[in-house]
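1. return atomic coordinates for the entry below.
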Amino acid sequence: MILETDRLHILKFTLKDAPFIFELVNSPNWLKFIGDKNVKSLKDAEQYIQEKLLNQYKHFGFSFYLVRTKSKQKPIGMTGFIKRPSMQDVEIGFSFLPNSSGKGYALESSKAILKYGKSHLKIEKVVAITDQKNTRSQKLLERLGLEKQGEIILPDFDKPCSYFEEPKINLI
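-> Predicted structure coming up:
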C-alpha cells in the first residue's frame, strides 16, 4: 500500500487488477473524455497494466495507483502521475467508475497523492490536462489548487485539451 486516507487505500497496480482495468477503461466517461485504449479482453488489460503502469513505476518511480475502498476493499478508480514524452512536467490524473463518482473519492485520493508526490517523490511541479468538455475534472483540478492556463495540443490527442498547472509562487 502506498497511502491510506479516511476511506481509501491507494496501492500500486499489479497484473491481478486486469478485470478492474478492463472495466474502467471501457466505462462511458473514460471512453468519452480519455479515449478508447483498445482494451478488449483481460489479456489486453494485462498488457495495458504492464506497458502503461508497471513500466512507469520502473522508469519514473510513479504512475497511476489503484484506489479502493477501505470498507469493502473494492477497486473504484485510479489516481496518480504520468510522465508523457511530449510534456516537460509531471501530470496528475484520475478516473473513477461511474458508481463511485460524486462521492468525493477523486478529491480525497488526489489530495493524498498530490501531497505524496511533493513530499515523498519530490515532484517539483505538477500539471494536468483534461478534455475541454470535462467540467467535473476541471473543477476537481481547481479544488486541488491547479489553475487553468489555457489550451494545449498534444501529439497523441486529436483535439485541444484544457491545461492546468500549479500557481507560480512569487518570493519577492
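
2. C-alpha from now on. contacts and neighbour counts both.
-> Noted.

3. residue contacts, residue 1?
-> 9-12 (Cα atoms under 8 Å, 6 or more residues apart in numbering).

4. now the longest helix seen in the chain - C-alpha only, PDB.
-> When the chain is parsed with DSSP state H, its longest helix is helix 105-119. Provided in PDB are the C-alpha atoms of helix 105-119 (Å, rounded to 0.1, in the frame of the first residue of the first chain):
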ATOM      1  CA  TYR A 105     -13.300   9.800  -3.700                       C
ATOM      2  CA  ALA A 106     -11.500  11.500  -6.500                       C
ATOM      3  CA  LEU A 107     -10.800  14.600  -4.400                       C
ATOM      4  CA  GLU A 108      -9.800  12.600  -1.400                       C
ATOM      5  CA  SER A 109      -7.400  10.300  -3.200                       C
ATOM      6  CA  SER A 110      -6.000  13.100  -5.500                       C
ATOM      7  CA  LYS A 111      -5.200  15.300  -2.500                       C
ATOM      8  CA  ALA A 112      -3.400  12.500  -0.800                       C
ATOM      9  CA  ILE A 113      -1.400  11.500  -4.000                       C
ATOM     10  CA  LEU A 114      -0.500  15.200  -4.600                       C
ATOM     11  CA  LYS A 115       0.900  15.500  -1.100                       C
ATOM     12  CA  TYR A 116       2.700  12.200  -1.600                       C
ATOM     13  CA  GLY A 117       4.200  13.300  -4.900                       C
ATOM     14  CA  LYS A 118       5.500  16.500  -3.400                       C
ATOM     15  CA  SER A 119       6.800  15.100  -0.100                       C
END
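
5. could you name the helices and strands sitting against the helix or strand following it?
-> Per DSSP states H and E, the first helix or strand lying C-terminal to helix 105-119 is strand 126-131. On a contact count with 3 or more Cα pairs under 8 Å, 6 or more residues apart in numbering; DSSP states H and E, strand 126-131 meets strand 90-96, helix 135-143, strand 161-165.

6. and the contacts of residue 1 as a markdown table, adding pLDDT and distance to residue 57?
-> Output for the contacts of residue 1, formatted as a markdown table (pLDDT from 0 to 100; distance: Cα to Cα, whole Å):
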| residue | pLDDT | distance to residue 57 |
| --- | --- | --- |
| 9 | 98 | 18 |
| 10 | 98 | 14 |
| 11 | 97 | 12 |
| 12 | 98 | 9 |
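
7. which SSE is immediately downstream of the helix or strand hosting residue 24?
-> For residue 24, the host element (DSSP H and E) is helix 18-25. Using DSSP H and E, the helix or strand that follows helix 18-25 in sequence is helix 28-29.
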